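> Just need the structure, nothing else, for what follows:
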Amino acid sequence: MAKGFYTLLIAQFLSAIADNALLFAAIALLAKLNAPSWHEPLLREFFVISYIILAPFVGPFADALPKGRVMFLSNGLKFAGCVMALIGMPPLYAYAIVGVGAAAYSPAKYGILTEMLPSHKLIKANAWMEGTTVSAIILGPVLGASISANNPYLGIACITVLYLLAAAFNYYIPKLPIDHQVQQKTLWFLLRDFWHAFIT
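Presented below is the predicted three-dimensional model:
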């Protein structure tokens, strides 16, 4: 595998396990704050809505910069969302900030594989990427529930450290040449290009 690939895998695993742990920490925080019961089902919606609203823009953003740097910035945004929760921002809004970071992170983590590796290694690389993601999906809820059971703030603080570690690994991913630039950076072009891709 190419230089930096395993650094990418570690960063992806740390970020993904933090994403999946945070939901359970945020649920525990809602309970501690005696938030209305309808806040809990909204948590996931506040996270996912970023993927929907930002869909036309996160791909071009990932293509505009070296993808390792996009992942670094995205983890920084997730880190900021956790810090906001720790200093008193309502969990729904803090979790939405993390969702924006996650939406920006996704196209970069897959797009970087085609820039980092030759085509004959992409199936193996994608299998490693999916393997780390599935492992994080399984382990994240266990971690989030266990570290947040008695003290949600401690749980979120631990998750904040995970995002910080993920960003540190992202920082050391080799800076690769930008593969292709968006032809135009206007809102109309981005929406039209996204619609064309969607229809195709």
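
> Touching, residue 177 and residue 115? I think so.
Yes - in this structure, residue 177 is within contact of residue 115 by C-beta atoms under 8 Å, at 7.5 Å. Every residue, glycine included, has its C-beta placed from N, CA and C.

> Neighbour count for those two, which is higher?
residue 115 (16 against 6; other C-beta atoms under 10 Å).

> Could I get the pLDDT score of that one?
With respect to pLDDT, residue 115 has a value of 82.

> Following the chain onward from the helix or strand where it lies, which element is next?
Assigned by DSSP states H and E, residue 115 falls within helix 91-116. Remark: after helix 91-116, the chain's next helix or strand is helix 122-148, criterion DSSP H and E.

> orientation of that next one relative to helix 91-116 in degrees?
160 degrees (axes from the mean of the first three to the mean of the last three C-alpha atoms, to 10 degrees).

> tell me which strands and helices helix 122-148 is in contact with?
Counting contacts by 3 or more C-beta pairs under 8 Å, 6 or more residues apart in numbering; DSSP states H and E, helix 122-148 is packed against helix 5-32, helix 91-116, helix 152-171.

> which residues touch the last one?
With C-beta atoms under 8 Å, 6 or more residues apart in numbering as the contact definition, helix 152-171 has outside contacts at 7-8, 10-12, 14-15, 17-18, 21-22, 24-26, 28-29, 31-32, 68-69, 71-72, 75-76, 78-79, 82-83, 85-86, 144, 147-149.

> for the chain, which spans come out with low pLDDT?
1-2, 179-185 (pLDDT under 70).

> Excluding its own residues, what touches stretch 85-103? List them.
Stretch 85-103 is contacted by residues 19, 22-23, 26, 29-30, 33, 35, 39, 42-43, 46-51, 54-55, 58, 74-78, 80-82, 84, 153, 156-157, 160 when judged by C-beta under 8 Å, 6+ apart.

> hmm, what's the outermost residue in this structure?
residue 34 (27.8 Å; C-alpha atoms, centre = their mean).

> Is it part of a helix or strand, or is it coil?
Classification of residue 34 using DSSP: H, G, I helix; E, B strand; the rest coil returns coil.

> and it, how far is that from residue 119?
Residue 34 is 54 Å from residue 119, where distance means C-beta to C-beta, to the nearest Å.

> do the same with residue 197
From residue 197 over to residue 119 the distance is 21 Å, taken as C-beta to C-beta.

> So between the two, which is more surrounded?
Neighbour count, other C-beta under 10 Å: between residue 197 and residue 119, residue 197 has more, with 11 against 7.

> still on that earlier bit, rebuild the helices and strands packed on helix 122-148 as TSV, extending it with distance to residue 190.
Converted to TSV, the helices and strands packed on helix 122-148 look like this (distance: least, C-beta to C-beta, whole Å):
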stretch	distance to residue 190
helix 5-32	25
helix 91-116	13
helix 152-171	25
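
> Figure out which of those is closest to residue 193.
helix 91-116 (13.7 Å; C-beta to C-beta).
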